[in-house]
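just need the structure, nothing else, for what follows:
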Amino acid sequence: MPANYLQIVQNLPDHAKASAEYMLEQQRLARCGAEKLFDPALDLAALAAKIDRAREIMPALYTARPMAEPFTLLAPLPETPQGYTLLGIDGSQILPSRHQAIAFGLINLGWIGIEPGSGRTPWTNKQTEIIPYEELFNANGSLISDAEVDLRRDLAERELIPRLFAGEEPGLRLALSDGPLEVHRSREDALSQPRIEERIAALEQELASRRLVHAGYIDKPGSAMLSRMLAIGGLDQITPEAVNRALQTGIPVSDLQLFGERLSEPGQRSAVFEIVSQRPRRGGVGAAERQRVFCFYLCVGRDELTGQTLIARVEFAEWVAMEPRMVDQVHAVVFADTQGTPAHPFPYVLTRAHEEAVIGISEQNAINKLLKTAWRAAGLDYGSVSAKAFGKESLGG
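I've put the predicted structure just below:
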């Protein structure tokens, strides 16, 4: 049965009116936030000190922190380096479900490598892993969560980078992945995987020692890190109660709204910020092992219909942030790769990596059949799908 379109049409006027009121308020807040953020008199050292104090006393905190560059900076597009290698990596997964005849999980990684100007043909490949059956279940006998499968995929993507850059080619070697660099997606993930920070720290050390850059690309970023930073910066005393109160008061303004008018020319980037993202940890993982991620905001173009600027966030490791020349190279290469489709700018290597990685319904059904054949050959009984799953599949849902 389709949706109740009559009811939708009846609700549209109220929906549009409420949306207009909300958007006007957001625009007002964005203007106020931009005045504060881009005030040349803003004391970055004092602001950084307040963020550092909040980081010390708060068990959980998500905000931005200023670095050396002034917020008024509009860095122009640097010259694209010669002789670089760009790798795009993306992942897809099949989540285990108790409603299927055979519960299984699968992780599929796809990648593409290009060397612009070298004359070498881009190379692509993929890696597929079925999660071992005994690893599908937690200690209580339940299937692992979707978040745990996502975590496995994230780690597999990162651990793939040093293997794909096995040689010692000269020039910039940059691996680009779709999404944030921080692995933990929730507080529960951090608690259930307490030693994951140590694995990430070891991997980051290897990448830094070999000068392999791993960057994350976030299209149309929706975080409110900058407005949260300003809220903390406006406090006279940094206490847990004051910070919580400041962060819970008012409507947050997204980073996209703050930079939408500021970054007006394609190729411009913002100042570099540190992303402060900490959650309660356990298992003896110290601050030294916690992942430190930095970023800048980048104007990649304009919407062909509205003329609005299109903003992305580019994330990278601490060692990259400490080298201005390396930041410039990441800036230039990432922007150049988005310009293959100027009407809808997005990194070409990520689009192609996604094509290699994506797992469709037809492939999932084919893998299911292969598993059933293997189980029958091993003399195993795999049962049947649940009545719920059967009903949905019969209706095409």
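
near I51, how many other residues are there?
For I51, the neighbour count with other CB atoms under 10 Å is 22. Every C-beta, even on glycine, is put in place using the N, C-alpha and C of the backbone.

that one reaches L235, doesn't it?
No: if you go by CB atoms under 8 Å, I51 and L235 don't touch, sitting 10.7 Å apart.

the strands in the stretch 201-350 of the chain, which residues?
Secondary structure of the stretch 201-350 of the chain (DSSP state E, counting those that start in this stretch): strands located at 213-219, 273-278, 293-302, 309-317.

want to throw those strands into TSV with mean pLDDT and mean neighbour count?
Output for the strands of the stretch 201-350 of the chain, formatted as TSV (pLDDT from 0 to 100; neighbours: other CB atoms under 10 Å):
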stretch	mean pLDDT	mean neighbour count
strand 213-219	97	21
strand 273-278	93	21
strand 293-302	96	23
strand 309-317	96	23
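
out of those, nearest to T351?
Checking the strands of the stretch 201-350 of the chain against T351 by CB to CB gives strand 213-219 as the closest, at 11.1 Å.

helices of the stretch 201-350 of the chain, start to end?
Ranges of helices in the stretch 201-350 of the chain, per DSSP state H, counting those that start in this stretch, are 225-233, 240-248, 255-259, 318-321, 324-338, 348-357.

so which of these comes closest to Y297?
helix 255-259 (4.9 Å).

give the other helices and strands that the closest one contacts.
When contacts are defined as 3 or more CB pairs under 8 Å, 6 or more residues apart in numbering; DSSP states H and E, helix 255-259 packs onto helix 5-37, helix 225-233, strand 293-302, strand 309-317.

at 7 Å instead, please
Contact here means 3 or more CB pairs under 7 Å, 6 or more residues apart in numbering; DSSP states H and E; on that basis helix 255-259 packs against helix 5-37, helix 225-233.

highest mean neighbour count out of these?
helix 225-233 (a mean of 23; mean count of other CB atoms under 10 Å).

what's the pLDDT at the closest residue to S227 other than its chain neighbours?
Of all residues not flanking S227 in the chain, V253 sits nearest, at 4.3 Å (CB to CB, 6 or more residues apart in numbering). Here the pLDDT value assigned to V253 is 90.

returning to that earlier point: of all the helices of the stretch 201-350 of the chain, which lies closest to G117?
Nearest to G117, of the helices of the stretch 201-350 of the chain and by CB to CB, is helix 324-338 at 11.1 Å.

quick one: contacts of that closest one?
77-81, 84, 86, 172, 174, 176, 213, 215, 217, 267, 269, 272, 298, 300, 314, 316, 320-321, 345-349 (CB atoms under 7 Å, 6 or more residues apart in numbering).

cool, stretch 204-220 as well?
In contact with stretch 204-220 (CB under 7 Å, 6+ apart) are residues 158, 161-162, 165, 172-181, 256, 312-317, 319-320, 326, 330, 334, 346-347, 350.

hmm, try it at 8 Å
Residues from elsewhere that reach stretch 204-220 (CB atoms under 8 Å, 6 or more residues apart in numbering): 158, 161-162, 165, 172-181, 256, 291, 293, 310-317, 319-320, 326, 330, 334, 346-347, 350.

then stretch 79-88?
111-118, 161, 164-165, 169-177, 329, 332-333, 336-337, 347-353.

rerun that using 7 Å as the cut-off
111-115, 117, 164, 169-176, 329, 332-333, 336-337, 347, 349-350, 352-353.
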